[in-house]
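*Asks:* Based on what follows, work out the 3D shape:
(2 chains)
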Amino acid sequence: MESRPSPRCVNPQPRLRFVGEFGLAIAASLAVLLFLAAAPARALTPGQAERAHALSLRLKCMCGGCNDTVGTCNHSGGAFAGPCATAQAMLKEIDERVGRGESDDLILQDFVQEYGPGVLISPPAKGFDWLVWVMPVLLPILAFILVWEVVRRWKRRGELQPAAAAGPPVSAELLDRARREAESGSDE
Amino acid sequence: MDIFGSFALLLAFLAAVYAFAAGLIGIYTRRQLLTKSARHAGMAVFGLVALAVASLEYFFFTDNFSMAYVAAHSNRALPGFYKFAALWSGQEGSLLWWSFLLAMFAFLALFLNRKRHPELMPWVGVILAGVQIFFLTLNNFVANPFNVIAGTDSSGALHLATLAQGSGLNPLLQYPEMVIHPPMLYLGYTGFTVPFAFALAALLGRYPGEKWIHITRRWTMVAWCFLGVGILLGAHWAYAVLGWGGYWEWDPVENAALLPWITGTAFLHSVMMQEKRGMMRVWNVWLVFCTFMLCILGTFLTRAGIVNSVHAFAESQIGGWFVGFLAIVLAVCLLAWYKNRDYLRSDNQLDSLVSRESSFLFNNLILLAACFAVLWGTLFPVLSEWVTGSKISVGPPFFDKVNVPIALFLLFLTGVGPLLAWRKTSFDALKRNFAWPLGLALIAGAVAFALGFRNFYAWVCLVLSVFVTLTIASEFYRGARVISARDHVNIVSAVGELTMRNTRRYGGYIVHFGMVLILVGIAGRAFSLDIQKQVSVGQSLTIGPYTLVCQNFDSPSNANYSSQRATIEVFRNGKSEMMLYPERRLFSASQVTETIVAIESSPLRDLYVVYSGIDPSTNKPVIHAFVNPLVKFIWFGGIVVILGTGLAMFPERSAALVIRTATESSWGDAIAAGSGATPALGSPSARSGKSYMRRKDNSDES
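*Replies:* Predicted coordinates:
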């Protein structure tokens, strides 16, 4: 828990990452510049388009007016029920960067830098937000152990009191008696 | 007339306070007359809230725009049935509607039991009145729907004002399901108050045995069914109106409705443990407490807008009231449980790990795991912001990832659980019950794999769905075969006879089958396709087996809205199949646009076409088309669940009849027939022939 960023000091860890990301970003930008100089921008290949679409489903549209991902943004109450201006800009950026061959991680990191962690539709399993992923797994496991223990205990209790638990065996006599009682209508 | 509803609402509040206080005093002083008068006051609340609702409806229908609520949610051009439904389109009206439905349930509970359970009912009345006091406080003093509009004149003095026209109903709400979805959902939310009141009353009044469970079984099922129907209607509404091609987005408000439904499902199953075996008394009481608190939490999340949600029309600042009320309810429940915990002591014991009992335990475990996962994901952004100070999003991928395995495991238990016998299941019985269904399901899985079915979760869902369906079918078949052989009737009427004899058990199977259909429909999502493209007249786009050709764009309009419409001809395999008319409506009063999706629905797939409008950057019309496989299974599954629930509530054919028919033939036959129709005949649980007989006809209800 110590490594958890405190609410006041905004993320000492991310700052370290920021230096790394910054370096990476510079390197990537240089690479892209070189690439762009060598080849003009092209339309995405089907594989790249698929990647771009997958990325668009991992990022939230940050217009503030919807809760959709960039890929599914449609403002049904607005004038145009397609991606809004924010989503379109984000989609364009994703397409361009995928087209330049940048990695998913780099693209996502840059979006986080620009918009904050809320831009990721699911939080990464890091820091405090790690809990969101781990608890739905951990708690059922703990509950499972608990239920298992309860079941074992109940079973032991059942074994200790076999007579009460099992009741009298169903004999021909009992069946006969049941039938007689039923026929005489004395059951209810 | 203006103050009529307001006055009725205030009187309702006073009546509820009286019902609460007089009821409590009546209980402690044992003065029957006071208890009776408290009950009457509790019932009168319903009449008074109904008057308030009628009064507000009157204002809507007479376009009385001096009322702030009416002016904000209606206008003259609004069609009549939306004027009716506008009552619950905003904060104040929704809370009034909550009070009304709660008062209705309270009235029914008090009236139907007025001559029964004299020790229990006063407590029930007090608890119901307590909940009513909270909501009537909101109605009267926090979010009063009868506020009038005031304006100032030139001298600065306040005077009443009447607007010429209202702002109109939010166009997203102008859809037929607006009339039915919120009432259903709220019937579910409020309905759980009744089992809650009975459980807490039984605990506070130390009412003997499992009687409260017998009394509330149908109430719980009604509430559970309404909530489920409300959720499905909401999903259908989102699907048909929001135009993003899906029906469930794990929106906080959707999740809020799902939570009590999940715990309600767990409760409906685990009460059987208490009914049959006297086990899990504490657990059941807490399950119903939690279900009620989740209903309140659900209303709170819907109405207070604490978490970002598409249901943003419900935002307000009444959160504090709900938190306070939840804290009080929790404190009362804890105190009642702590003081009376000895009363709940039960003799829990288990004969075998492979038994119905343990399957129920795991069923409850899994359901609660699902409930926790949804609750955790819904509230985590608030928690995270509170701890780390930064806003994060917990979106659909999280919920899908966590809940899909849970749902599949539940599906597995749906197949296995009902076929395990109470107490102990032998290996032979396991083999007899499961060999065929499991074998055939695996063959179906192999065939699907060979045909190129590669999505793992969807494949598991397919195998399990076949398995569960076959186990259910085999249960009906085996039971019906016994009856058919004995009574010499054909197998179809034997199925009918079997079902009517044990409506609870076979109704339960039908509900399970409905859930299988719903899950199959959800699994279809793995194969959905979508394409968004700019198309002018004469141009086309292709999706799956369909080619969509844009034939025309026009603008039909009326007083309520003006519209832009596309005419799309759908070709399949080169053959023209149909015309679709996706539309966008601009509502005059609110200047908000709504999407009218064109859906061509068939059992196997929906073709879902949205006219997105004119793309502002290119000035060209955009069509967004989806192919959504198996969506119809979800809606059809919902209908099956409703039918199954209705059947399970139906009174079973009398025990006397069952005993007579059973005694007419050889009991040995029935035993030999295995666990199908009369499994309890072999049950060693009977203490005497009499109780043995009595247990017979409902021994294996599920």
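*Asks:* contacts, neighbours, all on C-alpha from now
*Replies:* Fine.
*Asks:* so B:Val222 touches B:Tyr189, yeah?
*Replies:* No. Counting by CA atoms under 8 Å, B:Val222 does not reach B:Tyr189; the two are 10.8 Å apart.
*Asks:* Of the two, which one has the most company?
*Replies:* Neighbour count, other CA atoms under 10 Å in any protein chain shown: between B:Val222 and B:Tyr189, B:Tyr189 has more, with 29 against 20.
*Asks:* wait, doesn't that one sit right on B:Ala223?
*Replies:* Yes. Using CA under 8 Å, B:Tyr189 is in contact with B:Ala223, at 7.1 Å.
*Asks:* Could I get the pLDDT score of A:Ser76?
*Replies:* Here, the pLDDT recorded for A:Ser76 equals 63.
*Asks:* just B:Val271 next, same as before
*Replies:* pLDDT at B:Val271 comes out at 88.
*Asks:* Now do B:His488: how many residues are near it, please.
*Replies:* 11.
*Asks:* per-residue pLDDT, the single nearest residue of the stretch 451-600 of chain B relative to chain A?
*Replies:* Chain A sits closest to B:Thr593 of the stretch 451-600 of chain B, with a gap of 4.8 Å, by CA to the nearest CA. Per-residue pLDDT puts B:Thr593 at 79.
*Asks:* separation between the residue nearest to it when sequence neighbours are not counted and B:Gln564?
*Replies:* In space, B:Thr593 comes closest to B:Leu586 once its chain neighbours are excluded; the distance is 4.3 Å by CA to CA, 6 or more residues apart in numbering or on different chains. Noted for B:Leu586: a distance of 8 Å to B:Gln564, by CA to CA, to the nearest Å.
*Asks:* now B:Lys211
*Replies:* B:Lys211 is 60 Å from B:Gln564, by CA to CA.
*Asks:* So the two - more neighbours on which side?
*Replies:* B:Gln564 (20 against 16).
*Asks:* Show me what the more buried one bridges to in the sheet.
*Replies:* B:Arg584 (DSSP bridges).
*Asks:* pretty sure it is in contact with B:Tyr581, am I right?
*Replies:* No. Using CA under 8 Å, B:Gln564 is not in contact with B:Tyr581; the gap is 10.0 Å.
*Asks:* Quick check: B:Phe626 is in a helix.
*Replies:* No. According to DSSP: H, G, I helix; E, B strand; the rest coil, B:Phe626 belongs to no helix; its state is strand.
*Asks:* What is the burial count for it?
*Replies:* 22.
*Asks:* where's it relative to chain A, distance?
*Replies:* Separation of B:Phe626 from chain A (CA to the nearest CA, to the nearest Å) stands at 12 Å.
*Asks:* Quick one: residues contacting that residue.
*Replies:* B:Phe626 makes contact with B:Gly245, B:Ser528, B:Leu529, B:Asp530, B:Ile531, B:Ile543, B:Asp606, B:Leu607, B:Tyr608, B:Val609, according to CA atoms under 8 Å, 6 or more residues apart in numbering or on different chains.
*Asks:* Just those residues: which are in strands?
*Replies:* B:Leu529, B:Asp530, B:Ile531, B:Ile543, B:Asp606, B:Leu607, B:Tyr608, B:Val609 (DSSP state E).
*Asks:* burial count for the first one?
*Replies:* Applying other CA under 10 Å, we find 15 other residues in the vicinity of B:Leu529.
*Asks:* I'd assumed B:Asn628 was in contact with it.
*Replies:* Yes. Contact criterion CA under 8 Å: B:Leu529 and B:Asn628 qualify, at 6.7 Å.
*Asks:* What's the local residue count around A:Arg51?
*Replies:* With other CA under 10 Å as criterion, A:Arg51 counts 19.
*Asks:* just B:Leu160 next, same as before
*Replies:* With other CA under 10 Å as criterion, B:Leu160 counts 11.
*Asks:* repeat for the one 3 residues further on
*Replies:* A count of nearby residues for B:Leu163, using other CA under 10 Å, gives 14.
*Asks:* what about the nearest residue to B:Ile634 once chain neighbours are set aside, neighbour count?
*Replies:* Take B:Ile634 and drop its neighbours on the chain: the residue closest to it by CA to CA, 6+ apart is B:Ile518, 4.1 Å away. B:Ile518 has 25 neighbours, counted by other CA under 10 Å.
*Asks:* and the helix or strand harbouring B:Ile518, how far out from the chain's middle?
*Replies:* Using DSSP states H and E, B:Ile518 maps to helix B:503-523. Chain-centre distance of helix B:503-523: 14 Å, with CA atoms, centre = their mean, to the nearest Å.
*Asks:* hmm, who's touching that helix?
*Replies:* B:411, B:414, B:457-458, B:461-462, B:465, B:468-469, B:472, B:476, B:499, B:629-652, B:700-702.
*Asks:* residues of stretch B:441-461 that come out buried?
*Replies:* Neighbour-count burial for stretch B:441-461 flags B:Ala441, B:Leu442, B:Ala444, B:Gly445, B:Ala458, B:Trp459, B:Val460, B:Cys461 (criterion: 16 or more other CA atoms under 10 Å in any protein chain shown).
*Asks:* still on that earlier bit, what is the mean pLDDT for the host helix or strand of the residue nearest to B:Thr593?
*Replies:* According to DSSP H and E, B:Leu586 maps onto strand B:583-587. Here strand B:583-587 scores 85 as its mean pLDDT.
*Asks:* What of stretch B:205-212?
*Replies:* So the average pLDDT for stretch B:205-212 ends up being 81.
*Asks:* And stretch B:546-553, by the same measure?
*Replies:* Stretch B:546-553 comes out at a mean pLDDT of 91.
*Asks:* Check whether it comes into contact with chain A.
*Replies:* No. Shown here: stretch B:546-553 not in contact with chain A (CA under 8 Å from any CA of the partner chain), separated by at least 15.4 Å.
*Asks:* Mind listing residues that contact that stretch?
*Replies:* Contacting residues not belonging to stretch B:546-553 are listed as B:535-542, B:564-573 [CA under 8 Å, 6+ apart].
*Asks:* Then stretch B:117-133?
*Replies:* Contacts for stretch B:117-133 (CA under 8 Å, 6+ apart): B:13, B:16-17, B:19-21, B:23-24, B:27, B:35, B:38-39, B:42, B:99, B:102-103, B:106, B:110, B:113-114, B:193-194, B:197-198, B:200-202, B:204-205, B:207.
*Asks:* now stretch B:191-211
*Replies:* For stretch B:191-211, using CA under 8 Å, 6+ apart, the contacting residues are B:102, B:105-106, B:109, B:119-121, B:123-124, B:127-128, B:212-213, B:216-217, B:219-220, B:222-224, B:274-275, B:278, B:285, B:288-289, B:291-292, B:295, B:333, B:336-337, B:340, B:343.
*Asks:* Okay, and residue 52 sits in which element?
*Replies:* Going with chain A. helix A:46-56.
*Asks:* try again with chain B
*Replies:* helix B:32-61.
*Asks:* Check which residues of the helix or strand sitting right after that helix along the chain are buried.
*Replies:* Sequence-wise, the next helix or strand downstream of helix B:32-61 (DSSP H and E) is helix B:68-73. Within helix B:68-73, the residues scored as buried using 16+ other CA under 10 Å are B:Ala68, B:Tyr69, B:Val70, B:Ala71, B:Ala72, B:His73.
*Asks:* what residue ranges in the chain score low on pLDDT?
*Replies:* Going with chain A. Chain A contains residues with pLDDT under 70 at A:1-42, A:65, A:76-78, A:161-188.
*Asks:* if you could check chain B rather than the one you did, that'd help
*Replies:* For chain B, the stretches with pLDDT under 70 are B:1-2, B:304-317, B:347-348, B:654-702.
*Asks:* Can you give me the domain boundaries for it?
*Replies:* Domain segmentation of chain B under automatic domain parsing yields B:1-148+B:161-174, B:396-521+B:633-696, B:526-632.
*Asks:* could I get these as a markdown table with distance to B:Gln349?
*Replies:* Shown next, in a markdown table, are the domains of chain B (distance: least, CA to CA, whole Å):
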| stretch | distance to B:Gln349 |
| --- | --- |
| domain B:1-148+B:161-174 | 29 |
| domain B:396-521+B:633-696 | 9 |
| domain B:526-632 | 43 |
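*Asks:* Having no further points to raise, I will conclude here.
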